[in-house]
Structures are given as structure tokens and as C-alpha cells.
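**Q** Make a model of this:
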Amino acid sequence: MNLYLLRHGIAVEIAELDFAGDAARPLTPKGRRQLRKVAAAVRAMKVKCNAILSSPLVRTRQTAEVIAKELKFKARPAFCSELRPGGNAEKLIRQINALKPAPETLLLVGHEPDLSELLSLLVTGQAGGGFSFKKAGLAKLEVEKLSASKCATLAWLLTPAQMKLME
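**A** Here you go, the predicted model:
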């Protein structure tokens, strides 16, 4: 399986909101523009996607929707509570392994530090491996059999600035 991890785009700061807290923070116009550039780089890399799982928070939902639309993915984003901030990686992995049919290529859209911890768990076998995702950063993992242990190889981890050079 090719597993892609994408951090949400730039979102409105919580202090700027006149309404409900962190979960309701939408993407900014700059965040949407940045995601369209990320999508252009992903398109240049000829990435295809069988399934998309996203945190249900507004900024991650919007990120998944922008990427799916820009890349004309047939897969529609589904929402997974284990991709919320503080979600449980082992439960997430069980949910992924339960997907039928099993996707060959899966995009996960989430938050920091959770995505970095997941990447570290899958590549090194433990959280806290020193990885870091910029907003709209994207990683590709190659996985033989997904488990909550060292099961993946990191193919690449790109920042939005690096992807901008690929357009």
C-alpha cells in the first residue's frame, strides 16, 4: 500500500473566530491557494488515490475536499475520529485494515503532532522520531502490511515550498 499523510492547510487562527473553538476553524484563502499548489505538485507526481480518510474538523475536511476536487480523485473523503487531534494510532490502523476493499493507495488528512507521531510509529516502531509536517506538508510511505509497529518505509516528506517547485 502507498500511504500518503497530509497535514491540513493554513487555517484561521482561533483568536480570529467569533464562533465555536478549534474544531470549527476553516481554511484561509491563502490556505486554499497553497493547497491548489500542493495539488499541482501531486498531479505532476501522478499520484492516484483509492481512498481518503480525514479528521472531521473543518480545516481538515476542507483540505481533503480541495485535494480530491483538484486531483479529480474518484474517492470521496470519509471522516475518521481517530484522525482528530489526540486520536489513537492503533485504532486508526485497525480501521484502515478493516476497509473493504483494501485500498492500494490511501490519503490520510490530519493534524500535528499526530501525523508526525504516526509517521514515526510506522517507520521506526515508536512515536517521537523527530519528524515534522509543515501546514500542507505531504509524506509518502510504502507499506507491506500496515500495523502499529515498524512496517513502512518513508519514500519522501515534502514541504509546501518544495512542492511549489514541482508545479
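**Q** going forward, measure contacts and count neighbours with C-alpha atoms only.
**A** Fine.
**Q** that's a helix at residue 36, yeah?
**A** Yes: Residue 36: assigned to a helix according to DSSP: H, G, I helix; E, B strand; the rest coil.
**Q** ok, for it, nearest residue in space, not its chain neighbours?
**A** The spatially closest residue to residue 36, leaving aside those adjacent along the chain, is residue 70, at 6.8 Å (CA to CA, 6 or more residues apart in numbering).
**Q** That neighbour is in contact with residue 41, isn't it?
**A** No: with contact defined as CA atoms under 8 Å, residue 70 does not count as touching residue 41 (11.0 Å).
**Q** what's the residue nearest to residue 36 in contact with, if anything?
**A** With contact set as CA atoms under 8 Å, 6 or more residues apart in numbering, residue 70 has these partners: 36, 39-40.
**Q** Neighbour-wise, which one of those residues leads?
**A** Within the contacts of residue 70, residue 39 tops the neighbour count with 23 neighbours, counted by other CA atoms under 10 Å.
**Q** so is that residue in a helix, a strand, or just coil?
**A** At residue 39, secondary structure determined by three-state DSSP is helix.
**Q** correct me, but it touches residue 69?
**A** No: contact between residue 39 and residue 69 fails when scored by CA under 8 Å: they sit 9.3 Å apart.
**Q** about what we covered before: possible to save the contacts of residue 70 as JSON lines with pLDDT?
**A** Formatted as JSON lines, the entries for those read as follows, by pLDDT from 0 to 100:
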{"residue": "36", "pLDDT": "94"}
{"residue": "39", "pLDDT": "93"}
{"residue": "40", "pLDDT": "93"}
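**Q** Which of the three states applies to residue 5?
**A** Reduced to three states with three-state DSSP, the structure at residue 5 is strand.
**Q** how many other residues sit next to it?
**A** One way to gauge burial is a neighbour count; for residue 5, by other CA under 10 Å, it gives 25.
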